[in-house]
Structure formats: structure tokens, C-alpha cells
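Visitor: need a 3D model of the sequence below.
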Amino acid sequence: MKSIRLLTIVIVICVVVAGFGCTATVPPTQNQSAIKVTVLFFNDIHGHLMPFTVKTDHGKSEVGGIARMATLIKKIRAENEIKGAKTFLFVAGDILQGTPMSTVFHGEPDIQCMNSMKVDVMTVGNHEFDFGLQNFLRLKDLATFPFISANIIRKKSGNRLCDPSVSFKLSEKVNLSVIGVTTKLLLWTTRPDNVSELDVLEPVAAVKETYRSIQGDDPVILLSHSKHETDLKIALSLPNLTAIIAGHDQILFDPIRTVGDVPVFQAFEKGKYLGRIDLEVDSISGQTRLVSHSYKLITKDIEPDKEIDEIVRTYYDRLGEKFKEVVGNTNVLLDGERERIRYEETNLGNFVTDVMLDYTGAEIALLNSGGLRASIDAGPITVEDIFKVMPFANEIVLIDITGGELLQVLKRSVMGSRKDEDGGFLHVSGIRFTIKGHAVEEVNVGRDRLPLDSNKRYRVAITDFLASGGDGHTIFSGKTSEYTGSPLRELIVDTIRNMGTITAKIDGRIKRMGE
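Guide: As a prediction, the model looks like this:
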């Protein structure tokens, strides 16, 4: 197997602004038998089929929209057809969860769009199971392209849930092979009962096994939905990989990251960017060379593809007026930004856990930060806004645990660093504590701020996700739980509707020392 030789790559780093991408190229060769190949890719779209606004240094800008991305893909395919180049479209997982459309229709519009866009292959992401195994299998059957993963197996049989890889014919002697791999966090980042029939094998070993089964000197791309640290380990163990196209971390790898001769790509999140790599593959030997790579920001100056836009609009209209209803207002930004809400106290986390505490009458309320997926800007709040913040249909559960067990829960909450963006970090109400490094200190409970009693039993309000041991909070798993029958998301809608105006704040209930 021949690897990409990157020694001659001249990387051109440019700042991405609306409508411009970053590109690096290497000088062309005179190889007359070379096959030109373009691989387009995106990852972690999380249901964002429609354009949305983001904050910039100059105000706000509208980005994304799968119909706009489809226009760009169609244009590249047409250009490549004229040049005799082959074009492939890959998806690196996590198409589900994050918008009302994705939540209400359980990923169906996402797959319909990807079918029409002629996606060639998708690796399985951890959020593909957020609506259960049966829904995953329904989407897999609905898709006209393969789902792949080398390391998801059925517990009983040991058989893989999906094919581990797929190959595309480039010439009579050479194929382009693609291996899929999924993060082991799958077992913790969705409801445990959604994946109770599944297990996830160690990613590096599973990819190596699949890699060895591919015969010949064909180029091999790893389509990964794992953490970047895992991808690095795979690249070190398989230095002849052509490239790794990654997901899960939701980072724009620009400039590209390399491990030895293996380049690693990732196109951020939510369909903001379309990634592209251009290859030359020798039609006889399979030797492969990276020619160029780029990321294209999807902006409003790109005309939406009519066919894809019609699919999106049809599903959006079916949502009805329910999601357009204004239920209240907020005087402040309710902060659900990933880099903060998964590491520190925010006013959004405080607001939601306070609602849980007040509604249940519990002594303490806890909520995993991975259950809060967006911010709400100051101003009117719609039902759609709340669904974006809380795409998961979680029920409030009451559970009794000792102070000693609660301390272990808090220790699990603070085990990650900021860069880990750990969804198991907890937001709290009815409790205050200090974090020093990864240690929990000065834990106080209730309005009187009494010291935590390790032997006392406390009534705690959590979600059914946490009650089942989700996000690694295994202390809750197996304990007797009182299900309230109250969906948290709907409770938040009703609370905001009754309150009218929200003024949430940070009050020092979670303090980090030494930063």
C-alpha cells in the first residue's frame, strides 16, 4: 500500500471569511496514468438542514443550509465530469439531534436530503442512536448509501451492525476503500437502553483488522467518528493510510493536522463548511498523492438547490405553527455555548436546574451539560428555540442517594478539562461547591448552605438519561427511581410561558479555583 507523500506539500493558510475557503496545493505531476479523484465531506450536521445565524466580529452572519451545500456539490461534480475526475461525497457521522425538524421526524428529512445529494457513504456517529436502535435501522434502510462502522457489534451474536468498509472502483486494478469507525463514547452519550443490545469494540484494533482484510495497494481512507486522540493512534499504527476524514470533535482542521504522512481532516459542524480533498491515484500501482485540500464556508450568496430546498421546506411546513409560537422573552443571552456549558456554570444551566428543583420539590437538581445544545439570544423565545436547546425528550426522575454517593457524582462531573468538552459535566441547583483541578471541595447543600453529610440521604431530581447511567454517571444506574411523567423540555416551555420574562444569572454555585 502506497501512502501519500506530503513532503512536497506547500501549505497555504488563509483566513476563512464569508464565501472563501482555505486551500493548500502541491505542484502537478506528469503521471499520464493518474486518476483524478475529489472527495467532498462534512460531519456533525446535527439536524441543521436550514441556514442559521452565527455571531462574527462584525455582527451576525447567516451560514449553512444543506440546499446551499448541495448546489456547491453539484457544481463541483459538473466541473469534475468535464475534466474526467471522479467525485465522492462522504459523511463523518452525527446527522441527528440539534433542531426541531431532526427531533420531530427522527432524522428522516436528513436522510432524504442526503439521498438526493447522492452521498456515497456515511460512518456511524454516536448520536445516530438517540431515537433508539429500531429508528437507526429504519434510517439505515431508508438510506440509498451505506452506513459503515468497523467496531459496532451486536452483543448476542458478536456480528457487526454495519459493514466495516466499502470500496469504489477507480480502474480495472485499483479501488478506493473507505473504513468506518465510531467512538466508544456511543455507549455513554445516548440513553443506555437505546444501545443495550450493542457493544463498541476498541477502535484502533477494529480498524487495523479491517485494514488488513483489504487486498492490494489500493488507497484507503478512514472515515472516523472518534475523538482526535483516537484518530492519532490509528494513524500511528497504520502509517500508510491515505487520509483520515474525521468527525465528533466538531473542529475545523485548517491547516490540516498530520501524523507522519497521514493527513487528518475535519469540517467543523452543522454544515457550516464543505470539506474537499483532491487526489491523484495511479491507475495501475494505486500510489496516491494529495494534490490539494480546502474548506468552503456555506454562505447565503450560494443559491439553494431547488430539489433539496423543496425537501427541507416540505418537512418544515409539516412542523406547523407549534414551533413558531412565542412563549416568552429573556432579558439576557441564555448561554449554552459548548465551550462554556460543558466546563463551567452558565445562566442557562442554572435556569433549567432551578426549574427542575422548584417543580419537584427535591433538595438538589442535576443536569448533564450534554443535554443543553444551544443558546437563546436576548429577546422573544419560541418553542423552536427551546427545542434547539433541548433536542432530547428527557423525563424528570427523582432518586435518593447518600452524600457520599453525591460526592462521587460530582467527582465524575469535573473529571474533564475544558478542551474535553465533557457532556457529563453537571449543572446544579440546591448545591454549591468548589473545584480545584479535578477535586471537589467545600460542598454545601440547601439555602442554609449546610456541609454535605456523607451519610445522609438526599432527594435528587435528574433526568431519565442520567438515571440510566448516561454520560458515565454509573452511580445512578440500577437505583430505584421515581419517574414523574414530566418531560423536562415541555416543563421548560410551560415555565417560560408562565413567567413571561426570564432573567437568569450566574450566582457562584460552581466555582473553579486556580485558573
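Visitor: residue 440 against residue 409, yeah?
Guide: No - Residue 440 is beyond contact range of residue 409, at 9.5 Å (criterion: C-beta atoms under 8 Å). Where C-beta positions appear, they are placed from N, C-alpha and C, glycine not excepted.
Visitor: in space, what's closest to residue 335 - neighbours in sequence excluded?
Guide: Nearest residue to residue 335, sequence neighbours excluded (C-beta to C-beta, 6 or more residues apart in numbering): residue 346, at 4.3 Å.
Visitor: go ahead and confirm that neighbour touches residue 340.
Guide: Yes - using C-beta under 8 Å, residue 346 is in contact with residue 340, at 5.6 Å.
Visitor: of the two, who's got more company?
Guide: Shown here are residue 346 and residue 340; by other C-beta atoms under 10 Å, residue 346 has more neighbours (25 against 17).
Visitor: just list the residues touching the more buried one, thanks.
Guide: With contact taken as C-beta atoms under 8 Å, 6 or more residues apart in numbering, residue 346 is in contact with 335-337, 340, 427, 506.
Visitor: got it, and residue 246?
Guide: Residue 246 neighbours (C-beta under 8 Å, 6+ apart): 43, 92, 224-226, 228, 231, 253, 264-266.
Visitor: residue 468: which of those residues is nearest?
Guide: residue 225 (22.4 Å; C-beta to C-beta).
Visitor: how close does residue 387 sit to residue 500?
Guide: Residue 387 is 20 Å from residue 500, where distance means C-beta to C-beta, to the nearest Å.
Visitor: what of residue 79?
Guide: Per C-beta to C-beta, residue 79 is found 54 Å from residue 500.
Visitor: who has more neighbours out of these two?
Guide: The residue with more neighbours, out of residue 79 and residue 500, is residue 79; 12 against 9, by other C-beta under 10 Å.
Visitor: for the host helix or strand of that one, what is the average pLDDT?
Guide: Using DSSP states H and E, residue 79 sits in helix 66-83. Mean pLDDT, computed over helix 66-83, is 98.
Visitor: repeat that for stretch 141-154.
Guide: 98.
Visitor: same question for stretch 454-468.
Guide: The model assigns stretch 454-468 a mean pLDDT of 96.
Visitor: show me what counts as buried in it.
Guide: Residues of stretch 454-468 classed as buried: 458, 460-468 (neighbour count, 16 or more other C-beta atoms under 10 Å).
Visitor: list the contacts of residue 173.
Guide: 216, 283-284, 286.
Visitor: would you mind measuring from it to residue 35?
Guide: 11 Å.
Visitor: now do the shared contacts for the two.
Guide: Common neighbours of residue 173 and residue 35 (C-beta under 8 Å, 6+ apart) are residue 283.
Visitor: the helices in the stretch 201-350 of the chain, which residues?
Guide: 203-213, 228-237, 306-318, 338-341, 347-360 (DSSP state H, counting those that start in this stretch).
Visitor: so what touches the last one?
Guide: So that's helix 347-360. By C-beta under 8 Å, 6+ apart, helix 347-360 touches 332-336, 341, 362, 364-367, 369, 372, 375-376, 389-390, 396, 398, 427-430, 461, 484, 486, 488, 491-492, 495, 502, 504-507, 509.
Visitor: switch to 6 Å and redo it
Guide: Identification of contacts with helix 347-360 by C-beta atoms under 6 Å, 6 or more residues apart in numbering yields 334-336, 365, 367, 398, 427-430, 461, 495, 504-506.
Visitor: quick check: the farthest pair among the residues you listed?
Guide: Spatial extent of the contacts of helix 347-360 (C-beta to C-beta) is set by the pair 335 and 398 at 27.5 Å.
Visitor: could you list the low-pLDDT ranges of the stretch 251-400 of the chain?
Guide: Of all residues in the stretch 251-400 of the chain, none has pLDDT under 70.
Visitor: can you pull out the helices in the stretch 351-500 of the chain?
Guide: Per DSSP H, counting those that start in this stretch, the stretch 351-500 of the chain carries helices over the ranges 383-389, 403-413, 464-467, 488-499.
Visitor: just put those in a markdown table and tack on distance to residue 315.
Guide: Below are those laid out as a markdown table (distance: least, C-beta to C-beta, whole Å):
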| stretch | distance to residue 315 |
| --- | --- |
| helix 383-389 | 13 |
| helix 403-413 | 37 |
| helix 464-467 | 26 |
| helix 488-499 | 20 |
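Visitor: now, of those helices, which is deepest in the fold?
Guide: Stretch with highest mean neighbour count among the helices of the stretch 351-500 of the chain: helix 464-467 (a mean of 25; mean count of other C-beta atoms under 10 Å).
Visitor: just give me the neighbour total for residue 119.
Guide: Neighbours of residue 119 under the rule other C-beta under 10 Å: 23.
Visitor: span of stretch 211-222 from start to end?
Guide: From its first residue to its last, stretch 211-222 covers 9 Å (C-alpha to C-alpha, to the nearest Å).
Visitor: again but with stretch 147-156, I slipped
Guide: Stretch 147-156: ends 21 Å apart by C-alpha to C-alpha.
Visitor: got the contact list for that stretch?
Guide: 122-124, 140, 160-164, 166, 179-182, 197-201, 203, 206-207, 210.
Visitor: can you give me the buried ones in it?
Guide: Under 16+ other C-beta under 10 Å, the buried positions of stretch 147-156 are 147-153.
Visitor: okay, and which of these map to strands?
Guide: 147-148, 152-153 (DSSP state E).
Visitor: with distance to residue 62 added, can I get these in CSV?
Guide: Converted to CSV, those look like this (distance: C-beta to C-beta, whole Å):
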residue, distance to residue 62
147, 31
148, 33
152, 36
153, 42
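Visitor: ok, those residues vs residue 446, which is closest?
Guide: Taking C-beta to C-beta as the measure, residue 446 lies nearest residue 152 of those, at 43.9 Å.
Visitor: nearest residue to the closest one in space, please, no chain neighbours.
Guide: Closest to residue 152 by C-beta to C-beta, 6+ apart is residue 161, at 4.5 Å.
Visitor: export only the CA atoms of the helix holding residue 79, formatted as PDB.
Guide: Included here for helix 66-83 are C-alpha records, laid out as PDB according to Å, rounded to 0.1, in the frame of the first residue of the first chain:
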ATOM      1  CA  ILE A  66     -27.900  21.800   3.200                       C
ATOM      2  CA  ALA A  67     -29.600  23.000   0.000                       C
ATOM      3  CA  ARG A  68     -26.800  25.600  -0.500                       C
ATOM      4  CA  MET A  69     -24.200  22.900   0.200                       C
ATOM      5  CA  ALA A  70     -26.000  20.700  -2.400                       C
ATOM      6  CA  THR A  71     -25.600  23.500  -5.000                       C
ATOM      7  CA  LEU A  72     -21.900  23.600  -4.400                       C
ATOM      8  CA  ILE A  73     -21.600  19.800  -4.600                       C
ATOM      9  CA  LYS A  74     -23.500  19.700  -7.800                       C
ATOM     10  CA  LYS A  75     -21.200  22.400  -9.300                       C
ATOM     11  CA  ILE A  76     -18.000  20.500  -8.300                       C
ATOM     12  CA  ARG A  77     -19.400  17.300  -9.800                       C
ATOM     13  CA  ALA A  78     -20.200  19.000 -13.100                       C
ATOM     14  CA  GLU A  79     -16.700  20.600 -13.300                       C
ATOM     15  CA  ASN A  80     -15.000  17.300 -12.500                       C
ATOM     16  CA  GLU A  81     -17.100  15.400 -15.100                       C
ATOM     17  CA  ILE A  82     -15.700  17.800 -17.800                       C
ATOM     18  CA  LYS A  83     -12.200  17.200 -16.500                       C
END
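Visitor: what packs against it?
Guide: Packing partners of helix 66-83 (3 or more C-beta pairs under 6 Å, 6 or more residues apart in numbering; DSSP states H and E): helix 306-318.
Visitor: does anything pack onto the helix it packs on? Which helices or strands?
Guide: By 3+ C-beta pairs under 6 Å, 6+ apart, helix 306-318 packs against helix 66-83, helix 108-116.
Visitor: taking these together, which one is wrapped up most tightly?
Guide: helix 108-116 (a mean of 21).
Visitor: can you list contacts of it?
Guide: Residues contacting helix 108-116 (C-beta under 6 Å, 6+ apart): 66, 95, 101, 139, 142-144, 307-308, 311, 315.
Visitor: cheers, nothing more for now.
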